[in-house]
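Q: sequence plus predicted model, see below.
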Amino acid sequence: MFQITTQVVALPDGREITIETGKMARQADGAVVVRLGNTMLLATVVSAKEAKEGVDFLPLSVDYQEKFAAAGRIPGSFQRREGKLSDHEVLISRLVDRALRPIFPEDYHADTQVMITMISADSEVLPDQLAALAASSALAVSDIPFNGPISEVRVAKIDGQYVINPKTSELERATLDLIVGATERDICMVEGEMSECSEAEVVEALKAAHDAIKQHCQAQKELEAKVGKTEKRQYSHETHDEELRAAVRAYCYDKIYEVARRKNASKKGRAEAFRAVRDEYVATFPEGSVVNLDLVKRYFHDLEWEASRRLVLDERYRLDGRELDQIRQISCEADFLPMAHGSALFTRGETQSLTTVTLGTKMDEQIVDQPLLQGYNKFLLHYNFPAFSTGEVKPNRGPGRREIGHGNLAHRALKKVMPPDSENPYTIRVVSDILESNGSSSMATVCAGTLALMDAGVKIKAPVAGIAMGLITDTEPGSDKYAVLSDILGDEDHLGDMDFKVTGTENGITACQMDMKVNGLSFEVLTQALEQARAGRLHILGEMKKAMSDVRADLKPHAPRAVVIKIDQSQIGAVIGPGGKVVQDIQKDSGATVVIDEHDNAGWVSIFATNKDSMDKAVRRVKGIVAVPEVGEVYDGVVKTIQPFGAFIEFMPGKDGLLHISEIKWERLETMDGVLEVGEEVRVKLIDIDKKTGKYRLSRKVLLPKPENKKAE
């Protein structure tokens, strides 16, 4: 008989998060339902009893999925069912994965799967802020070895106050929005965006988030004790040869350290030099001897890690010879591609991004169809990471989770400086193709993206640059040595204890992402890292300004021009016409693209054209339709029908007025015969609008010279 157990976590605003286990998914190793308001997440975890042979890492998969039924909706896809994870779901999966993965024991290598499903959706409760709590709670009530618990919360600065897990409607006013993951002791993951906030504001937000997470962790411990899962399963997933480990160290460590000290700026050069040491050691084995080469590689890799870290901690310089806060050489070139609407090539050390900007119309907007969010997106950023950028051979598949995550970080960074929709009629797509990679390719994307947007003539508020920071701490007992590294290499990302990416303008931070690989990051060290990042960011912005100091004054000749005309809601139908006949005729006649939208109690007509003649013709047609007739104005009209008492003249598109027989000439006309013809162009003046009927009275004679006898009269 399964026992249902519940734990409650109180939020500062009085709301309660409940964690329940024992009712659902009882054949999983661990399962919980986490609820806040009417949002409910089911989290399950299953781990194999044994590791597969030859596996020396944790095969962890984390999948987050939102069920459309949870929000009372049917998917809008052709299949009308949930398919592969959307980018939105992948990003939330990554948030959880990045917080969970470092917390597992290093020697635990069994296949482990965490699945989190949104089974009920409350529009006021965002599920991403509960996903990691649900996953960690499922692990807590299982027997899977885990050095947790952990949790994640959203912290937002709203009206000057830091709010934990705010309501969706409150988040609209936020100037800072972070998801923070942590254990009871230390912060391990940060992801978010902000409106040019200061470094001090970020630190304050992290402190507020960590205080809330401590309560989540304590609640999980109490839940774990209630269900009796404090004792975890026994395992043995690694086999070691301590004699071989000692032999590898004795022969290789000093040689590895010397390679690290050479200040080789080339990634390939360093790799080849390290490999030569390993090959030299392997060559010392007598022919026919039996040696576990996999263990040799593992122990050698451990020594590389140790020696590279000791170099930084003891000699205070890095593998490529740089000072701790020194930025690699930067090269920027805007307007790199002749036919792109905007482009830039940004190179920093051995990392290079070729980024393009394409300006599209409203019809190019991305359709957003999620259980809790429907609408359109007019700013897109895509990040591509081909295998050749690291000198590798891999199948060319669609974007993976890494590409989606890196692209999202760059999107967050640039989104904060994009012009508001009211000033930007375009759908904008930024594409970063990484041509070389040795650390910080997402930050190169931010820099190249800024330059490409400026080259395209997009009126961004300010240039944005990004920098990746690293941290190396001394693992020796009692040592307080550490080193904060600016603009880290790929090797330094691997051997370091932190990867902290920070983007921003000269005025403040727009986005950040941090992953910690060890425990013990103090807020003092974090503050130093942020200040060092700010100095690096300002240096990079200075280098970018040398390539492009301001936004291009005009669009490229081949880029689509845009004119937006605001019209009254009542005029939308006249521009569209019956069955779209009018707007289609305008597009056919002018060659321009005309898109009509309705928002803010008004109609908005966006006209896109690649040449001035097309634009002028379309604008003239639209303005003619929506223009309001004014008494006293002169118009060029066309005779539509002729009656015995006069003629009806179309003096504006869709607007006919009566030109009475008495207003055609100064001379008296007895009949309309032969006076005017249907289709004849005639210039008229609007002399009156009947207030009751809205009918228009026109005159032609007032535009003609008055006869002498009429003057005398």
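A: Perfect, I can see it now.

Q: buried stuff in the longest helix seen in the chain?
A: Identified as the longest helix of the chain according to DSSP state H is helix 199-227. Across helix 199-227, burial judged by 16 or more other Cβ atoms under 10 Å covers 199, 201-202, 204-206, 208-210, 212-213, 215-217, 219-221, 223-224, 227. Placement of C-beta: from N, CA and C, glycine included.

Q: may I see the domains of the chain written out as residue ranges?
A: 5-227, 250-315, 330-547, 561-626, 633-703 (the TED database).

Q: average pLDDT for the longest helix of the chain?
A: Helix 199-227 carries an average pLDDT of 96.

Q: cool, stretch 664-677 as well?
A: On average, stretch 664-677 scores 90.

Q: same check on stretch 616-633?
A: Here the average pLDDT along stretch 616-633 is 87.

Q: need the domains of the chain in JSON lines with distance to A553, can you?
A: Listed next are those as JSON lines, based on distance: least, Cβ to Cβ, whole Å:
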{"stretch": "domain 5-227", "distance to A553": "24"}
{"stretch": "domain 250-315", "distance to A553": "39"}
{"stretch": "domain 330-547", "distance to A553": "7"}
{"stretch": "domain 561-626", "distance to A553": "14"}
{"stretch": "domain 633-703", "distance to A553": "34"}
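
Q: tell me which of these sits nearest to H240.
A: domain 250-315 (7.2 Å; Cβ to Cβ).

Q: where does this structure have low pLDDT?
A: Counting by pLDDT under 70, the chain has low-confidence residues at 1-2, 520, 709-713.

Q: can you rerun that using 80?
A: 1-2, 422, 478, 518-521, 653-654, 708-713 (pLDDT under 80).

Q: quick one: contacts of stretch 260-276?
A: Contact with stretch 260-276 is made by 256, 259, 304, 307-308, 311, 315, 317, 319-321, 349-350, 391, 438, 489-491, as judged by Cβ atoms under 8 Å, 6 or more residues apart in numbering.

Q: among those residues, which are in helices?
A: Per DSSP H, the contacts of stretch 260-276 map to helices at I256, V259, E304, A307, S308, G490, D491.

Q: could you dump those to JSON lines with neighbour count and distance to I689?
A: Converted to JSON lines, the ones in helices among the contacts of stretch 260-276 look like this (neighbours: other Cβ atoms under 10 Å; distance: Cβ to Cβ, whole Å):
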{"residue": "I256", "neighbour count": "24", "distance to I689": "91"}
{"residue": "V259", "neighbour count": "24", "distance to I689": "89"}
{"residue": "E304", "neighbour count": "24", "distance to I689": "86"}
{"residue": "A307", "neighbour count": "22", "distance to I689": "89"}
{"residue": "S308", "neighbour count": "24", "distance to I689": "84"}
{"residue": "G490", "neighbour count": "17", "distance to I689": "74"}
{"residue": "D491", "neighbour count": "21", "distance to I689": "78"}
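
Q: need the residues you listed in JSON lines (columns: distance to R275).
A: Listed next are the ones in helices among the contacts of stretch 260-276 as JSON lines, based on distance: Cβ to Cβ, whole Å:
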{"residue": "I256", "distance to R275": "11"}
{"residue": "V259", "distance to R275": "10"}
{"residue": "E304", "distance to R275": "10"}
{"residue": "A307", "distance to R275": "14"}
{"residue": "S308", "distance to R275": "15"}
{"residue": "G490", "distance to R275": "16"}
{"residue": "D491", "distance to R275": "13"}
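
Q: just flag the most distant two among these.
A: I256 and G490 (17.9 Å).

Q: on that earlier part again, nearest to R233, of the domains of the chain?
A: Closest among these, using Cβ to Cβ: domain 5-227, at 4.5 Å.

Q: now the helices for the stretch 251-400 of the chain?
A: 267-282, 293-310 (DSSP state H, counting those that start in this stretch).

Q: which one, of those helices, ends up nearest to D499?
A: So among those, helix 293-310 is nearest, using Cβ to Cβ, at 14.9 Å.

Q: pull out the buried positions in the closest one.
A: Buried residues in helix 293-310 (16+ other Cβ under 10 Å): L295, V296, R298, Y299, F300, L303, E304, E306, A307, S308, R309, R310.

Q: tell me which two in the residues you listed are the farthest apart.
A: For those, and using Cβ to Cβ, no pair is farther apart than L295 and R310, which are 22.3 Å apart.

Q: at which residues are the strands of the stretch 551-700 of the chain located?
A: With DSSP state E, counting those that start in this stretch as the criterion, the stretch 551-700 of the chain has strands at 561-567, 593-599, 602-609, 634-643, 646-652, 655-660, 681-689, 696-699.

Q: export those as CSV, with columns for mean neighbour count.
A: Shown next, in CSV, are the strands of the stretch 551-700 of the chain (neighbours: other Cβ atoms under 10 Å):
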stretch, mean neighbour count
strand 561-567, 17
strand 593-599, 17
strand 602-609, 22
strand 634-643, 15
strand 646-652, 22
strand 655-660, 20
strand 681-689, 16
strand 696-699, 21
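
Q: please enumerate the strands of the stretch 301-450 of the chain.
A: Secondary structure of the stretch 301-450 of the chain by DSSP E, counting those that start in this stretch: the strands cover 330-334, 342-348, 351-360, 366-369, 374-377, 379-384, 427-436.

Q: now the ones you listed in CSV, with mean neighbour count and distance to E403?
A: Formatted as CSV, the strands of the stretch 301-450 of the chain follow (neighbours: other Cβ atoms under 10 Å; distance: least, Cβ to Cβ, whole Å):
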stretch, mean neighbour count, distance to E403
strand 330-334, 18, 23
strand 342-348, 26, 18
strand 351-360, 24, 13
strand 366-369, 12, 17
strand 374-377, 12, 18
strand 379-384, 20, 5
strand 427-436, 21, 9
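
Q: give me the nearest residue to I625, chain neighbours excluded.
A: P653 (4.7 Å; Cβ to Cβ, 6 or more residues apart in numbering).

Q: of the strands of the stretch 551-700 of the chain, which is nearest G470?
A: Using Cβ to Cβ, the strands of the stretch 551-700 of the chain put strand 561-567 closest to G470, at 43.1 Å.

Q: helices or strands up against that closest one?
A: With contacts taken as 3 or more Cβ pairs under 8 Å, 6 or more residues apart in numbering; DSSP states H and E, strand 561-567 sits against strand 602-609, helix 612-626.

Q: thank you kindly, that will do.
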